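Undergrad: fold the following, please.
(chains A and B)
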Amino acid sequence: MKVKHLPKTHISVQKLNVFYKGHHALKDISVDIPEKQITTIIGPSGCGKTTLLKSLDRLIDLIDDVEVSGRILFDGVDVLDKRVDVLNIRKRMGLIAQTPSPLPMSIYDNVAYGPRIHGTNETKELDQIVERYLQIAGLWNEVKNRLTEPASKLSAGQQQRLCLARALAVQPEVLLCDEPTSALDPISASHIERQLFALKQDYTIVFVTHTLRQARRLADYVIFLYLGQLIEHGPTETIFNQPSDPRTKAYIEGSFG
Amino acid sequence: MILSTLIILGSLFSVLVVVLYRGAPALSISMLTQTSTGGYYLGKEGGILNAIVGSAYLVGGGTAIAVTISLPTALYLNEYASRSKLASFARQSLDVLWSVPSIIYGVFGFTIMVYLGIGASLLGGIMALALLELPIMIRGMDEVMKMIPLKLKESSYALGATKLETALNVVVRQALPGVTMGVLLAVGRAIGDAASILFTAGYTDSIPRSLFDPAASLPLAVFFQLGTPFPEVQQRAYASGFILLVIVLSLSIASRLLTRRATAYVIK
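TA: Have a look, this model is predicted:
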């Protein structure tokens, strides 16, 4: 077997521990997330997948009674360092939430919101940004004649693509996806999946899912969490074909989860 | 459901009918276009334009001040201090203030005015009404902002937005219908309140020309006219009450229409 060239590490999680109100939600997680690949985090519900994802861009700070320790190196900078510019970190890591969550404004403003808060105010430039990212998200043709309508009028699938466009519009390097297709119908879900697959050329994608088939289809790299512990991680084929831990094997064979 | 609707519509309707029935004979255009003259309360010529304009100034000014203070306060309570001891203490205090009788605000305002050396004036009335409106507005806005899902704010923070940007762009927009309702609730109480402005704004037959002139008001116009022994003046009290009711109703409908467009953007 030919040894593949290992991709560069983009985010390095080192000894990450998270406590929620005293509950030890993540235990000593250490894992490297490769650049411009799709890394999926799998595991049964409540195992800490979303917690790990939200630790990466410190959205976990929004929750009360959370204690985080360890290091998360993002291009060499420790995200968990109190002195770090957390707004900049979040700008560089886009988030696609579990259920589509458009902002209470028009379709256009949803995409333009991010660039605006980061200082782009010229109408012409914003027009271009909005069109470009709606194109990439595969929504432009459906909404180009109704950009001023409330985003809430779109269907769930369209809303999720709008959220993708919104996340891309601030030009992040990483996309964090928290089961982004779980609330969508199969057609919309495959739409989003295809777009994410195409986006991995330019973005590092971290994708939480509880669907093993989806992980297998999309992922280059798989992280398996169980009860807050990192059980195993590695290239997709290895995890699915030759898991080394019996718990991974059991989960992949569908014995639990 | 139908019964409760009927009870509510019925009471609104019967109040309108009674007031209109008792006041209709006195309703006239001149009532809306003329100010009171000396003999007005004895049944002579005149109108209550001074009270209509006075009320508009008083409530307009009080509401402007109250909104300017309430919106930032409600945002602060929710976005910056949400579960701190300070916030729950502030909420409790506001609830107490909400139920303080308005005459207390009037006396309190009056005491401060005496201390500052201001007599009964438009300014004094505006201050008293602003105080009366504050707890209603803040708690009204606060309750609506509390309901905004974390998910919505999260999508703003995830783009690298600051707290302030999230509060102003996302929280305010999402809470807009509730904010309007809070303002309306406060305006409704202020425009109909007589006790808080009795000492602070006083009463006058002319339209105030400066902040330091006393100001007339509709509730006090009703009160004074009803207090006279003359049936025709008492009739005018009902007519004034009817005008007050119509103003409140139109304010409520107008604000609903005005915010309808903005409400369409709210995420359900």
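Undergrad: just the element for whichever residue of the stretch 1-150 of chain A sits closest to chain B, please.
TA: Of the stretch 1-150 of chain A, the residue with the smallest distance to chain B, taken as Cβ to the nearest Cβ, is A:Lys91 at 3.3 Å. C-beta coordinates here come from the backbone N, C-alpha and C atoms, glycine included. Using DSSP states H and E, the element containing A:Lys91 is helix A:86-92.
Undergrad: pLDDT of that helix, averaged?
TA: Model confidence over helix A:86-92 averages 95 on the pLDDT scale.
Undergrad: give the next helix or strand downstream of that helix.
TA: Next helix or strand after helix A:86-92 toward the C-terminus (DSSP H and E): strand A:93-96.
Undergrad: that next one pairs with which strands, and in what direction?
TA: Strand A:93-96 has these partner strands in its sheet, going by DSSP bridges: strand A:174-178 (parallel).
Undergrad: residues making contact with the very next helix or strand once past the partner strand?
TA: Past strand A:174-178, heading to the C-terminal end, the next element that is a helix or strand (DSSP H and E) is helix A:186-199. For helix A:186-199, the external contacting residues (Cβ atoms under 8 Å, 6 or more residues apart in numbering or on different chains) are A:38, A:136-138, A:155-158, A:160-161, A:164, A:168, A:175, A:177, A:180-181, A:184, A:205, A:207, A:214, A:217-218.
Undergrad: among these, which ones are buried?
TA: A:38, A:136-138, A:157-158, A:160-161, A:164, A:168, A:175, A:177, A:180-181, A:184, A:205, A:207, A:214, A:218 (16 or more other Cβ atoms under 10 Å in any protein chain shown).
Undergrad: from the residues you listed, which land in strands?
TA: Among the buried ones among the contacts of helix A:186-199, DSSP state E puts A:38, A:175, A:177, A:205, A:207 in strands.
Undergrad: so the fourth one makes contact with A:Ile38?
TA: The reference is to A:Ile205. Yes. Here A:Ile205 lies in contact with A:Ile38, judged by Cβ atoms under 8 Å, at a distance of 4.5 Å.
Undergrad: for chain B, list the residues in contact with chain A, please.
TA: Along chain B, the residues adjacent to chain A under the rule Cβ under 8 Å from any Cβ of the partner chain are B:83, B:150-162, B:165, B:169-170, B:173-174, B:264-268.
Undergrad: so who does B:Ala167 touch?
TA: Shown in contact with B:Ala167 (Cβ under 8 Å, 6+ apart): B:75, B:79.
Undergrad: looking at this, it is in a helix?
TA: Yes. In this structure, B:Ala167 lies within a helix as judged by DSSP: H, G, I helix; E, B strand; the rest coil.
Undergrad: so for it, what's the pLDDT?
TA: Spelled out, the predicted local distance difference test score at B:Ala167 is 94.
Undergrad: from chain A, how far out is it?
TA: Relative to chain A, B:Ala167 is positioned 12 Å away (Cβ to the nearest Cβ, to the nearest Å).
Undergrad: show me the shaky parts of the stretch 1-150 of chain A.
TA: Applying pLDDT under 70 to the predicted model, the residue ranges of the stretch 1-150 of chain A that meet it are A:1-6.
Undergrad: near chain B, which residues of it are found?
TA: Of all the residues in the stretch 1-150 of chain A, those lying near chain B are A:57, A:59, A:62, A:64, A:87-91, A:93-95, A:97, A:99, A:101-106, A:113-114, A:117-118, A:150, going by Cβ under 8 Å from any Cβ.
Undergrad: secondary structure element for the residue lying closest to B:Val107 once chain neighbours are set aside?
TA: Distance criterion Cβ to Cβ, 6 or more residues apart in numbering or on different chains; nearest residue to B:Val107, sequence neighbours excluded, is B:Phe199 at 6.7 Å. Take DSSP H and E as the rule and B:Phe199 turns out to sit in helix B:195-200.
Undergrad: and the residue of the stretch 51-200 of chain B nearest chain A?
TA: When scored by Cβ to the nearest Cβ, the stretch 51-200 of chain B has B:Gly160 as its residue closest to chain A, at 3.3 Å.
Undergrad: where does that residue sit: helix, strand or coil?
TA: With three-state DSSP as the basis, the three-state label of B:Gly160 is coil.
Undergrad: show the contacting residues for it.
TA: Counting by Cβ under 8 Å, 6+ apart, B:Gly160 makes contact with A:87-91, A:114, A:117-118, A:170.
Undergrad: name the residue closest to the centre of chain B, please.
TA: The C-alpha lying nearest the average C-alpha coordinate of chain B belongs to B:Val187 (Cα atoms, centre = their mean; 1.7 Å).
Undergrad: surely that residue is within a helix?
TA: Yes. Following the definition three-state DSSP, B:Val187 is counted among the residues of a helix.
Undergrad: got a list of what it touches?
TA: Applying Cβ under 8 Å, 6+ apart, we find B:Val187 in contact with B:59, B:63, B:133, B:251.
Undergrad: what of A:Phe19?
TA: With contacts taken as Cβ under 8 Å, 6+ apart, A:Phe19 has the following neighbours: A:25, A:66-68.
Undergrad: ok, and the most crowded of these?
TA: Neighbour tally across those (other Cβ atoms under 10 Å in any protein chain shown): the maximum, 22 neighbours, falls on A:Ala25.
Undergrad: which helices and strands sit right next to the longest helix seen in chain B?
TA: Scanning chain B for the longest helix, with DSSP state H as the assignment, gives helix B:231-263. If contacts are counted by 3 or more Cβ pairs under 8 Å, 6 or more residues apart in numbering or on different chains; DSSP states H and E, helix B:231-263 sits against helix B:2-23, helix B:29-33, helix B:49-75, helix B:172-191, helix B:218-226.
Undergrad: tell me the angle it makes with helix B:49-75.
TA: In this structure, helix B:231-263 runs at an angle of 30 degrees to helix B:49-75, with axes from the mean of the first three to the mean of the last three Cα atoms, to 10 degrees as the basis.
Undergrad: how about residue 80, phi and psi?
TA: Unless you meant another one, I'm taking chain A. phi -80, psi -10 (degrees, to the nearest 10).
Undergrad: wait, chain B
TA: Per degrees, to the nearest 10, the backbone of B:Tyr80 is at phi -110, psi -40.
Undergrad: so it sits against B:Lys163, correct?
TA: Yes. With contact defined as Cβ under 8 Å, B:Tyr80 counts as touching B:Lys163 (6.7 Å).
Undergrad: just the strands in chain A please.
TA: For chain A, the strands defined by DSSP E cover A:9-20, A:23-34, A:38-42, A:66-74, A:77-78, A:93-96, A:174-178, A:204-208, A:221-226, A:229-235.
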